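**Student:** just the structure for this:
(chains A and B)
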Amino acid sequence: MSALRFAKTTSGLRPRRSILLTVIMGLLAIYALLPLFWLFVNSTKTQAALFSTFGLWFGGEFALFDNIVQTLTYDDGEFVRWLGNTLLYVVVGAGGATALATLAGYGLAKFDFPGRRAVFAVVLGAVAVPGTALAVPTFLMFSQLGLTNTPWAIILPSLISPFGLYLIWVYAVDSVPTELLEAARIDGAGEFRTFFTISSRLLAPGFVTVLLFAIVATWNNYFLPLIMLSDPAWYPLTVGLNQWNAQATGVGAQPIYNLVITGSLLTIIPIVVAFLFLQRYWQSGLSAGSVKQ
Amino acid sequence: MTATSLTGRTAKQRGRWIGWAFVGPFMIVFALVLVAPVFYAIYLSLFREQLVGGNAFVGLDNYVRALGDAKFWESFLRVAVFLVVQVPIMLCIALFAALALDSARLHGSRFLRISVFLPYAVPAVVATLMWGFIYGERFGLVGNLNSLPGVDLPIPLSSEFVLAAIGNIVTWEFVGYNMLIFFAALRVIPTELYEAAELDGAGQYRVVWSIKLPAIRGALVIAAIFSVIGSFQLFNEPNILKTLAPNAITTFFTPNMYAYNLSFAGQQFNYSAAVAIIMGVATMIVAYIVQLGGSRKEAAR
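**Tutor:** You can find the predicted model right below:
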């Protein structure tokens, strides 16, 4: 059997598979998946069972559905409210970021205009400016403008994705033929009409990739909402979960560890599902980014 | 003839500026949320709030104060240690995994690739809470294992080990992301190079060393720069973990936490802006050095 397989692989182009290498990679995969497994197992436990049973296996009564109901209804359903806020920030923030990056990346790739090089230098320079270094000044500026504690404080900064701009720029150079644009111009089509009828279709895979990364960034955003918002009514899920966790300590502590764990599970499910279904896009996005290096 | 050249010229003139219609919206928001805060931060850092007389211009006093501030230096050194230890470990694991995937010698490589990448989708808050609970002595895994006879694991949330514990969380979050960046770069190496190497009788390791690694140097440099930025900006993980380990993590554990706490607990906005700017400049300098190192090797070849 092994001789047969050996003969088959040497005649083909594929190198022989290595058990050792697979085992090493398997360990890395276990490392990656184990905490997620832990999260699932423990979201099925009551708060009492969390403390009394072994962490990596089921124990006590199976309380997953009870936990979910409690998570969704705790404190007048504030979790649902946070979920709604997160969706708002994701739809407007990530959607807007993708639209702005697509327009601008396309503009940089396909038009020569006065100041183009300056735009390029400024945007590339901005990638090097660490986002969190700006958080405090942005907060102070926004508070003078009266924007703190409103959804705008989260949405406006999420609208800028230099990485998305770069990705669309690289993508547009290769995927939208300049001759096609010339032909449309000779036919008398305006630049925006050409963009919306022709170029946007060619850019679609790049667009979805940028959208996916923008969704992850907004869904997972923590630092910005933490400093911008003091009213729990506007919290996204991330800040809300951390607040639930924090209420286990301090004066008048009310630990709700089972809800923190179940809430965490509910928070990651949509994003993990999106990743699994849209694999093709993040892979093409990452390789588009690497071609130009 | 004149008619066509005329329309050609107007189209060209319109074309000269039409690019701004596409770039403009991005640049307006960009100016508001990125450029303006930079200048506002610089402006703030030059003043000091005083009990008498309100805001006073103090020049570079805030910077001088930061450079002589033991808390600032402690936090700075901590992230520097983090950078020197965690980033190479994470990038080496990611590189090894990417080379393993690219070698086509794995069983189930698709499953392995997705599994290792999956943590990237998990929010830092959830990642930190999960690991924080696992680290915990009360109902975490470490607690479970330590209650077994003869097992005495170090406590990850003690002040000696908490930095390593954070390093593990960050590695868990980003090793798959970096792996995919390297993997994507490996996939675009032209196969002719491998065929030529095979004709020359080059072995596996020789191919890795002489073809694959040089070909993905760009990706390596980019990943290193992003990791450097991430290390210097470390905030989410220690700030969330602080709830679970209040004694091991101080309010000035990282420079970013220091700047945050100066602003929101101490109301020292001007000083906080100066600390943020120093860290921004330090990050850019180190990122530039990394890039320089990467391109110098390229030039030497």
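**Student:** the helix or strand containing A:Leu72 packs against which elements?
**Tutor:** Secondary structure from DSSP states H and E places A:Leu72 in helix A:64-88. For helix A:64-88, the helices and strands in contact under the criterion 3 or more C-beta pairs under 8 Å, 6 or more residues apart in numbering or on different chains; DSSP states H and E are helix A:237-246, helix A:257-277. The way it works is simple: take the backbone N, C-alpha and C, and place the C-beta from them, glycine included.
**Student:** redo that, cut-off 10 Å
**Tutor:** With contacts defined as 3 or more C-beta pairs under 10 Å, 6 or more residues apart in numbering or on different chains; DSSP states H and E, helix A:64-88 has these neighbours: helix A:19-42, helix A:152-158, helix A:200-219, helix A:237-246, helix A:257-277.
**Student:** save those helices as a markdown table, and put in mean neighbour count, mean pLDDT and distance to B:Val162 too.
**Tutor:** Written out in a markdown table, the entries for the helices and strands packed on helix A:64-88 read as follows (neighbours: other C-beta atoms under 10 Å in any protein chain shown; pLDDT from 0 to 100; distance: least, C-beta to C-beta, whole Å):
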| stretch | mean neighbour count | mean pLDDT | distance to B:Val162 |
| --- | --- | --- | --- |
| helix A:19-42 | 17 | 93 | 17 |
| helix A:152-158 | 21 | 93 | 30 |
| helix A:200-219 | 20 | 87 | 27 |
| helix A:237-246 | 23 | 91 | 17 |
| helix A:257-277 | 20 | 89 | 20 |
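**Student:** save those as TSV, and put in distance to chain B too.
**Tutor:** Formatted as TSV, the entries for those read as follows, by distance: least, C-beta to the nearest C-beta, whole Å:
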stretch	distance to chain B
helix A:19-42	4
helix A:152-158	5
helix A:200-219	6
helix A:237-246	4
helix A:257-277	4
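**Student:** now do the contacts for the residue sitting nearest the centre point of chain A.
**Tutor:** Within chain A, the residue whose C-alpha comes closest to the C-alpha centroid is A:Val216; the distance, by C-alpha atoms, centre = their mean, is 0.7 Å. For A:Val216, the residues meeting the contact criterion (C-beta atoms under 10 Å, 6 or more residues apart in numbering or on different chains) are A:90, A:94, A:271, A:274-275, A:282, B:120-123.
**Student:** the helix holding A:Leu72 vs helix A:19-42, what angle?
**Tutor:** Calculated by axes from the mean of the first three to the mean of the last three C-alpha atoms, to 10 degrees, helix A:64-88 forms an angle of 100 degrees with helix A:19-42.
**Student:** rewinding a little: need the buried ones from the contacts of A:Val216 selected in PyMOL.
**Tutor:** The buried subset of the contacts of A:Val216, as determined by 16 or more other C-beta atoms under 10 Å in any protein chain shown, is captured in PyMOL by this line:
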select buried, (chain A and resi 90+94+271+275+282) or (chain B and resi 120+121+122+123)
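**Student:** and the contacts of A:Val216, which is closest to A:Gln70?
**Tutor:** Of all those, the one with the least separation from A:Gln70 (C-beta to C-beta) is B:Pro123, at 21.1 Å.
**Student:** the closest one against A:Asn220, yeah?
**Tutor:** Yes. If you go by C-beta atoms under 10 Å, B:Pro123 and A:Asn220 touch, sitting 3.8 Å apart.
**Student:** find residues that contact each of those two.
**Tutor:** Once C-beta under 10 Å, 6+ apart is applied, the residues that B:Pro123 and A:Asn220 both contact turn out to be A:86, A:236-238, A:267-268, A:271, B:173, B:236.
**Student:** mind putting those into JSON lines with distance to B:Thr254?
**Tutor:** Below are those laid out as JSON lines (distance: C-beta to C-beta, whole Å):
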{"residue": "A:Thr86", "distance to B:Thr254": "26"}
{"residue": "A:Pro236", "distance to B:Thr254": "23"}
{"residue": "A:Leu237", "distance to B:Thr254": "24"}
{"residue": "A:Thr238", "distance to B:Thr254": "19"}
{"residue": "A:Thr267", "distance to B:Thr254": "24"}
{"residue": "A:Ile268", "distance to B:Thr254": "25"}
{"residue": "A:Ile271", "distance to B:Thr254": "26"}
{"residue": "B:Glu173", "distance to B:Thr254": "16"}
{"residue": "B:Asn236", "distance to B:Thr254": "10"}
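**Student:** from these, pick the one nearest A:Thr209.
**Tutor:** Distance to A:Thr209, by C-beta to C-beta, is smallest for A:Ile271 among the shared contacts of B:Pro123 and A:Asn220, at 15.4 Å.
**Student:** which residues does the closest one contact?
**Tutor:** Taking C-beta under 10 Å, 6+ apart, we find A:Ile271 in contact with A:90, A:212, A:215-216, A:219-220, B:120-123, B:126.
**Student:** from the contact counts, what lies against whatever helix or strand B:Cys92 lives in?
**Tutor:** Following DSSP H and E, one finds B:Cys92 within helix B:70-102. Contact partners of helix B:70-102 among helices and strands, from 3+ C-beta pairs under 10 Å, 6+ apart: helix A:19-42, helix B:61-67, helix B:109-117, helix B:162-187, helix B:217-232, helix B:236-244, helix B:255-264, helix B:269-300.
**Student:** so which of those helices gets nearest A:Ser143?
**Tutor:** The stretch from the helices and strands packed on helix B:70-102 with the least distance to A:Ser143 (C-beta to C-beta) is helix B:269-300; that distance is 10.1 Å.
**Student:** that closest one near chain A at all?
**Tutor:** Yes. With C-beta under 10 Å from any C-beta of the partner chain as the criterion, chain A is reached by helix B:269-300 at B:269-270, B:272-273, B:275-284, B:287-288, B:291.
**Student:** what's near enough to touch residue 156?
**Tutor:** In the absence of a named chain, chain A is used. Residues in contact with A:Leu156 (C-beta under 10 Å, 6+ apart) are A:92-93, A:96, A:138, A:142, A:145, A:147, A:150, A:224, A:228, B:29, B:32-33.
**Student:** could you do chain B instead?
**Tutor:** Listed by C-beta under 10 Å, 6+ apart, the contact set of B:Pro156 reads B:131-132, B:134-137, B:140, B:142, B:162, B:164-166, B:168-169, B:241, B:245, B:248.
**Student:** hmm, try it at 7 Å
**Tutor:** With contact taken as C-beta atoms under 7 Å, 6 or more residues apart in numbering or on different chains, B:Pro156 is in contact with B:135, B:142, B:162, B:165.
**Student:** can you lay out these as TSV showing pLDDT and distance to chain A?
**Tutor:** As requested, those are exported to TSV (pLDDT from 0 to 100; distance: C-beta to the nearest C-beta, whole Å):
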residue	pLDDT	distance to chain A
B:Tyr135	87	11
B:Val142	77	9
B:Val162	91	17
B:Ala165	93	13
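**Student:** over to B:Phe47: give its phi and psi.
**Tutor:** According to degrees, to the nearest 10, the main-chain angles of B:Phe47 amount to phi -120, psi 170.
**Student:** roughly how far apart are it and B:Gly68?
**Tutor:** In this structure, B:Phe47 and B:Gly68 are 19 Å apart, going by C-beta to C-beta, to the nearest Å.
**Student:** quick one: which of these two has more around it?
**Tutor:** Of the pair B:Phe47 and B:Gly68, B:Phe47 is the one with more neighbours under other C-beta atoms under 10 Å in any protein chain shown, namely 18 against 9.
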